[in-house]
Structures are given as C-alpha cells and as structure tokens.
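> Coordinates only, no sequence provided:
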C-alpha cells in the first residue's frame, strides 16, 4: 500500500512540478491547479468505493470494507483497498474504454476551459489511471482487468504500446495546453 501511494504521489508531484515550470504556474495564483491535482489523484480510487457499495456489496471484500468503515479503521481500510485491488473486476473508471473517453474529454477540457482547478483535476485523474496501468503491467504482466468493455484483445506488446502512447499523449496535454 505504501509503495503504491508513494508511486502515485511521486509521479503526480514530479509531473505537476514540470508542468508548473513549463507553463509558468509558479506563483501562489495557481493554487487551484495544485488543488485540482490533489483531488484528481484521489478521485479514481472512489471507483473502488463505488464497487463496494453499489456494484458488488455482497462480495466478501465489500463486507470487510463496510465493517472497517463502521469501526472507523481508516488505515486498515486503505490497506484492504490496495491488497485486494486486483480482485475487483467490475470497476468503472479502471477500463480501457473509460480511459479512451476520458482522454478525449481531457483534451476538450484543457483546450476549451480556463479553469485551473479543472485542468489540474483532469491531468491528475488521467495520470492516476496511467500509473494504475503501469502497476498492473509490472505486477500482473497484463491489462486484463482493463479490457472488459474493449472490443478487441491486446497482447502484451500492443498493451505496452497503448500505455506508452496514452502516457505520451497525457504529457503532451500537460505541457501544451
């Protein structure tokens, strides 16, 4: 759990520092960009909570999660989230189909909105999904959990190419808009 949290926040901080330096977002006037980044980094994990309460509330892990919520054991609850994340097959945000749509919406948001909070939110959200894919690729060696609603199957090489292209696209979005 600590390793995954460290990866998410280390990549987020590095990415946002680089974007801030390139875009000259270095004064206190740009705090909404950073606040949006913090919110966007946390938001994809809401997907797991949606799974526990709405998609599969009768699942054993969901019941364990609810028990920990009732007892206010946040540390154990977070640990359970990260230990069992590969078991959840019905996540909404953690699919390739959602990510493709979200990257299109990210482009739209970045190119048409002047909201610094919104820019930070969509960049951090997309970065979080990309990091989750990288973690799955490194730990599991595949994206099978991400391919549920995707119309074609991807072998390992195509999966790596997709991940690399989507990450480069995210970097381009961050630096150009």
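Ah, there it is. Just so we're clear, the structure is a prediction, and the values are computed from it rather than from any experiment.
> I'd like the average pLDDT over stretch 96-110.
Across stretch 96-110, pLDDT averages out at 93.
> do stretch 55-64 as well
Here the average pLDDT along stretch 55-64 is 91.
> mind checking the end-to-end distance for that stretch?
The first residue of stretch 55-64 is 15 Å away from its last residue (Cα to Cα, to the nearest Å).
> Next, the buried residues of that stretch.
Under the neighbour-count criterion of 16 or more other Cβ atoms under 10 Å, stretch 55-64 has 55, 59, 61, 62 buried. For every residue, glycine as well, the C-beta is placed using N, CA and C.
> just checking, the last one touches residue 50?
No: between residue 62 and residue 50 there is no contact, the gap being 10.8 Å when judged by Cβ atoms under 8 Å.
> check contacts around the residue in the chain sticking out farthest from the centre.
Most distant from the centre of the chain: residue 71, at 27.3 Å, with distances by Cα atoms, centre = their mean. When contacts are counted by Cβ atoms under 8 Å, 6 or more residues apart in numbering, residue 71 touches no other residue.
> Quick check: which helices or strands does the worst-scoring helix or strand of the chain on mean pLDDT pack against?
Ranked by mean pLDDT, DSSP states H and E, the weakest helix or strand in the chain is helix 74-83, scoring a mean of 87. For helix 74-83, the elements it packs on are helix 60-70, judged by 3 or more Cβ pairs under 8 Å, 6 or more residues apart in numbering; DSSP states H and E.
> Relative to the whole chain's centre, how far out is the helix or strand encompassing residue 9?
Per DSSP states H and E, residue 9 falls inside helix 2-23. Distance, stretch centre to chain centre, for helix 2-23: 13 Å (Cα atoms, centre = their mean, to the nearest Å).
> buried sites along the helix or strand following it?
Per DSSP H and E, the first helix or strand lying C-terminal to helix 2-23 is helix 31-42. By neighbour count on 16+ other Cβ under 10 Å, the buried set for helix 31-42 is 32, 33, 34, 36, 37, 40, 41.
> so the first one sits right up against residue 117, yeah?
Yes: distance between residue 32 and residue 117: 4.1 Å, which falls inside the contact criterion (Cβ under 8 Å).
> Tell me who's in contact with the nearest residue to residue 62 once chain neighbours are set aside.
Excluding its sequence neighbours, the residue lying closest to residue 62 (Cβ to Cβ, 6 or more residues apart in numbering) is residue 52, at 4.3 Å. Counting by Cβ under 8 Å, 6+ apart, residue 52 touches 59, 61, 62, 65, 66.
> could you dump the residues you listed to JSON lines with distance to residue 101?
What follows is the contacts of residue 52, written out as JSON lines (distance: Cβ to Cβ, whole Å):
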{"residue": "59", "distance to residue 101": "26"}
{"residue": "61", "distance to residue 101": "27"}
{"residue": "62", "distance to residue 101": "26"}
{"residue": "65", "distance to residue 101": "27"}
{"residue": "66", "distance to residue 101": "30"}
